[in-house]
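Asker: Coordinates for the following, if possible.
(one chain, ligands or ions: 1)
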Amino acid sequence: MDRKSNHSAPVLTDPTLMSKSRLGIHSSLYSPPGVVFSPGLFITMQRKKSIKLEDVRSSWLDAMKSSSPTHRKIAKDSGIELLSADADAAYRNWTLKYPSALSAFEHITNCAKGKRLALFLDYDGTLSPIVDNPDCAFMSNAMRAAVRNVAKCFPTAIISGRSRDKVFEFVGLTELYYAGSHGMDIMGPVQSMSNDHPNCIRSTDKQGKEVNLFQPASEFLPMIDEVFRSLVEITKEIKGAEVENNKFCVSVHYRNVDEQSWTIIAQYVHDILKDYPRLRLTHGRKVLEVRPVLDWDKGKAVEFLLESLGLSNCDDVLPIYVGDDRTDEDAFKVLREGNHGYGILVSSAPKESAAFYSLRDPSEMGLVGSIVLCLINIALAFSLCLAGDPFVNFELELSYITASPLGSPQQVIAVNGKFPGPTLKVTANYNVLVNVKNKLDENLLITWPGVQMRRASWQDGVLGTNCPIPPNSNWTYQFQVIDQIGSFFYFPSLHFQRAAGGFGSFTISNWNTVPVPFNIPDGDIEIMIGDWYDTELVPDGIGFETIKVEPEGYRCCHLAILQFSRNSHRPSPLIPRMMFTTSHSWLNLSASGGARSNQQGSFHYGSINVTDTLVLKSMPPAEIDGKLRPLTGPPRMDKSAINATYKHFIEIILQNNDSVVQSFHMDGYSFFVVGY
Ligand SMILES: O=P(O)(O)OC[C@H]1O[C@H](O[C@H]2O[C@H](CO)[C@@H](O)[C@H](O)[C@H]2O)[C@H](O)[C@@H](O)[C@@H]1O
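Answerer: Prediction:
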């Protein structure tokens, strides 16, 4: 491969020196830096000023430094990036311009209605967290499952700077399309259009399926190999430097190089590139990327794939691109300028972007991170688009704050910094996604009493069906509130957390189109009534509010003490008390499995025919096989399933024979209390 040594600044090469005959590819693909393309792909030169070598080097160094923001602290041991308070405020401000794709999800879902989605994903920093060793950038199983699920719903492609083979090795999903080397190596579906495309050949994938292979830079292979070897050689003495061969481009990593040596790296890469005017340099996350001077990038790859999939120029197609890097901006631009689809920028720090939405770095939220959640949303949104039931997304963060429910300050559990927590308002049949972040110092589960967890009873947020959410982790509950109009609430089900807060209202309204048998109320006022515990009496002189419960009406305030009108006494000392007695019985109706507005059905209490009486006894735990196990009677072999007949009434007696307070939980579906 010929090398030119008469150019001091390879990034400013005159494209007229290059010709199709020398590289064997269509001249419209050449795009030397400093050169802009008209919409018709004709090259127009910007020859405004001559740029000095020093300027080029120093701009490289600036770019290298800016790819490693200094305002973030890295918790070395955990690998988690912590945002300082200022940076956090700046980030929140930035999300006004680039809203979180999770909070804007309803909007995205509405735009997706009636459209066909096409999803494009970057790999490093998007599907896998950024790690020191590029060979260890593995994606989590949760991420893989999420990607597999979206790929089942609609065409999904990964477009990466890595070699296509390497990305496939990491991802291992045959359901996807892969584009490596920043889109210069695309394995896509066989389409008549692609057959006609220059640099496109028919091939077979690893499963023997016929595919189209598009490699517009194939002529550069020997040159890239040569440069790769030179770069390996020249950087071998620099501790931490790593050169990665990405087939049609080369990455020079300086993440593990002492910052003092970054200038040397820049100098070495510069020295090599000056002999290769047909190669250019772009910047990634602590990586210098050497690639052919072609007008081909991730944006072009998106357009190519849409075309190959028969999805280009269609009003009913909504492409979504998720990426974190500067090279992903080309794809964001294509979507923005084409005025269709959305770019979602993954970033923990504010930066200018052509994306519409943002998502926080996957490394911040651990294994099941924001990207996984976003992909789950997208997959569900697709079923939603088919089924017509909207999605609604909530973020709940539970943490401790100091509040004075009874006048004196004490630690309470807040939800999103508020006590009581925010009201979750949804409409019947909505698919509800609630991402719960546990910022407490103990395990957490959130339960939704009274809400039927249709086909999702294990999401009920109680021990036994749900694993607890460990501190500093999150879990996303997903359930559909089918035909359940009413006022509900959520609370933490573990230990005595519910006595310290962490609760809020959950209201399910009817669809506007579905009539309710009463006048439309002027508004909703949520009143949560419960016991509260304080070690002291309510001291004299503290300002507590009283709600008079009288037929004529009530008044409401944020936090209040309830006092019945015929009771003139001051509120008594409040002690912890569960809504539970040691023997508690009720009649239980299994209502229709289908959706009905009056799920209890109608019945006459006196004529209820109780078919079964069950006594559930809790006993002190007994030692079985060396372990303490909770019991519901003397240790014996028994079956744990309760048999009940559809639409029958059963009586359940709950008995607590333990020395500690217990609560019983009837999980799930169509159980209705009809008396107690
Ligand atoms: O387009 P992408 O899929 O985002 O690939 C861009 C580059 O990603 C990789 O480097 C980045 O991730 C590494 C592993 O986390 C990290 O160590 C490095 O600092 C990042 O720049 C990949 O190794 C490069 O070849 C890609 O060009």
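
Asker: Hmm, D205 is touching G188, no?
Answerer: No. D205 lies out of contact with G188 (CB atoms under 8 Å); the separation is 10.3 Å. Glycine gets a C-beta too; all of them are placed from N, C-alpha and C.

Asker: How about the residues of this structure by the ligand?
Answerer: 122-125, 130-132, 134, 137, 160-162, 244, 246, 251, 253, 255, 284-287, 289, 325, 327 (CB under 6 Å from any ligand atom).

Asker: Of those, select the buried ones using a PyMOL command.
Answerer: In PyMOL syntax, the buried subset of those is picked out as below (16 or more other CB atoms under 10 Å):
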select buried, resi 122+123+124+125+130+134+137+160+161+162+244+246+251+253+255+284+285+286+287+289+325+327
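
Asker: sorry, back to before: overlap of the contact sets of D205 and G188?
Answerer: Contact criterion CB atoms under 8 Å, 6 or more residues apart in numbering; residues shared by D205 and G188: V211.

Asker: Which one's more surrounded, those two?
Answerer: Applying other CB atoms under 10 Å to D205 and G188 shows that G188 carries more neighbours, namely 22 against 14.

Asker: Bridged to that one, which residues?
Answerer: Beta-bridge pairing of G188 under DSSP bridges involves N212.

Asker: Does it touch G310 like I think?
Answerer: No. With contact defined as CB under 8 Å, G188 does not reach G310; the gap is 11.1 Å.

Asker: Just to be sure, S261 is in a strand?
Answerer: No. Looking at S261 with DSSP: H, G, I helix; E, B strand; the rest coil, it is helix, so not inside a strand.

Asker: low pLDDT regions in the stretch 251-400 of the chain?
Answerer: The model of the stretch 251-400 of the chain has pLDDT under 70 over residues 361-371, 373, 379-390.

Asker: which residues in it form helices?
Answerer: 262-273, 298-308, 329-337, 370-387 (DSSP state H, counting those that start in this stretch).

Asker: Indicate which one of these is closest to N416.
Answerer: Nearest to N416, of all the helices of the stretch 251-400 of the chain, is helix 370-387, at 16.4 Å by CB to CB.

Asker: Am I right that S347 is in contact with V322?
Answerer: No. Between S347 and V322 there is no contact under CB under 8 Å: 11.3 Å.

Asker: overlap in contacts of these two?
Answerer: L359.

Asker: Between the two, point out the one with more neighbours.
Answerer: V322 (26 against 21).

Asker: residues in contact with the more buried one?
Answerer: L119, F120, L121, D122, T126, G343, I344, V346, L359, I371, C374.

Asker: Equivalent analysis for F228, please.
Answerer: Neighbours of F228 in contact, by CB under 8 Å, 6+ apart: V243, N245, V250.

Asker: would the first one count as being in a strand?
Answerer: Think V243. Yes. Counting by three-state DSSP, V243 is found in a strand.

Asker: That one: neighbouring residues, count only.
Answerer: 21.

Asker: Spit out the contact partners of it.
Answerer: Per CB under 8 Å, 6+ apart, neighbours of V243: F228, L231, V232, T235, V250, S251, V252, H253.

Asker: show me where the stretch 101-250 of the chain has strands.
Answerer: Under the criterion DSSP state E, counting those that start in this stretch, the stretch 101-250 of the chain contains strands at 116-121, 156-159, 177-180, 185-188, 200-204, 210-214, 242-245, 250-253.

Asker: next one: the stretch 401-550 of the chain
Answerer: According to DSSP E, counting those that start in this stretch, the strands that the stretch 401-550 of the chain contains are 410-415, 424-427, 431-438, 446-447, 473-480, 486-492, 504-509, 546-549.

Asker: CA atoms of the fifth one as CSV?
Answerer: This file holds the C-alpha atoms of strand 473-480, laid out as CSV (Å, rounded to 0.1, in the frame of the first residue of the first chain):
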residue,chain,number,x,y,z
SER,A,473,-29.8,-1.0,44.0
ASN,A,474,-33.0,-0.7,42.1
TRP,A,475,-35.8,-2.9,40.8
THR,A,476,-38.5,-2.1,38.3
TYR,A,477,-42.0,-3.3,39.0
GLN,A,478,-44.1,-3.9,36.0
PHE,A,479,-47.8,-4.6,36.1
GLN,A,480,-51.0,-3.7,34.3
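
Asker: What mean pLDDT does it get?
Answerer: For strand 473-480, mean pLDDT is 88.

Asker: got it, and the last one?
Answerer: Rounded to a whole number, the mean pLDDT of strand 546-549 is 45.

Asker: same deal with the first one?
Answerer: Taken as a whole, strand 410-415 has an average pLDDT of 92.

Asker: Residues touching it, excluding its own?
Answerer: By CB under 8 Å, 6+ apart, strand 410-415 touches 396-405, 419, 421-422, 440, 492, 497, 500-504, 534.
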